[in-house]
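A.B. asks: my questions concern the predicted model and sequence given below.
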Amino acid sequence: STASTIGSADIVLLYFSASWCPPCRSFTPLLKEFYEKNGKKSGIQVVFVSSDSDLPSFEEYFKKMPWLSLSVDAEAVAIKQKLAQMFQIRGIPSLIAIDAKSGKYVTDDARTDVMGAGGDDAKQKEIIQKWKSIEAVPIEEATFSSAAGPTGIGAIVAFLLKNPVYIFGILYFVRRALAYLQEIGKDDEDRGGAEL
């Protein structure tokens, strides 16, 4: 049964995807390889949360997947909408990791992790251990990386604060630009004085 399958897992990956989505169709084989190679035997369970709007599309896409799924009936659509809202899903494919025992949030960046590991066995095992070692938090306390963050100048400042090494590069180019402008100014003054 679904409950016993999830109950024996350590981590549940909610896979928001759809058959009509090209990035999803590219990511699904990677996730499948990850799941079959290391995930399933390491206590990972995947649940497909479909954005397909019709049953034939859903069934055609889902038959390629070796894991569980919500269906596309009205009740499942309502659950999918609640999950998408709860985890602030802004696009697909999205892969959310939650603690199977507590239902608490682990990460919404699991897709990036799986893509980064590729087919590398050691990296896949490392990711699974990372997910298991993260202290899960209640969903209402989670900070979602996919959620809309600061934009414009705020996004630039936030980026620079997270990556201070770039500040030195910017300062270097600003100093070079100022030196260049001073040099141009001196050339203009020298030419201007000669014309009088």
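C.D. replies: Yep, that arrived.

A.B. asks: from here on, just use CA atoms for contacts and neighbour counts.
C.D. replies: Noted.

A.B. asks: remind me, longest helix of this protein?
C.D. replies: Counting residues, the longest helix found in the chain (DSSP state H) is helix 165-195.

A.B. asks: that helix - contacts with which helices or strands?
C.D. replies: Contact analysis of helix 165-195 by 3 or more Cα pairs under 8 Å, 6 or more residues apart in numbering; DSSP states H and E lists no helix or strand as a packing neighbour.

A.B. asks: quick one: residues contacting the residue positioned nearest the centre of the chain.
C.D. replies: Residue closest to the mean C-alpha point of the chain, counted by Cα atoms, centre = their mean, is Asp109 at 3.5 Å. With Cα atoms under 8 Å, 6 or more residues apart in numbering as the criterion, the residues that contact Asp109 are 94-96, 145.

A.B. asks: just to check, Ile44 is in contact with Tyr35?
C.D. replies: Yes. Proximity of Ile44 to Tyr35 meets the contact threshold set by Cα atoms under 8 Å, at 7.4 Å.

A.B. asks: for this structure, just list every one of the helices.
C.D. replies: So, for the chain - with DSSP H - the helices run 2-7, 22-34, 55-62, 74-86, 110-117, 121-133, 153-162, 165-195.

A.B. asks: figure out which of the ones you listed is closest to Val49.
C.D. replies: For the helices of the chain, proximity to Val49 was assessed by Cα to Cα; helix 74-86 is nearest, at 6.3 Å.
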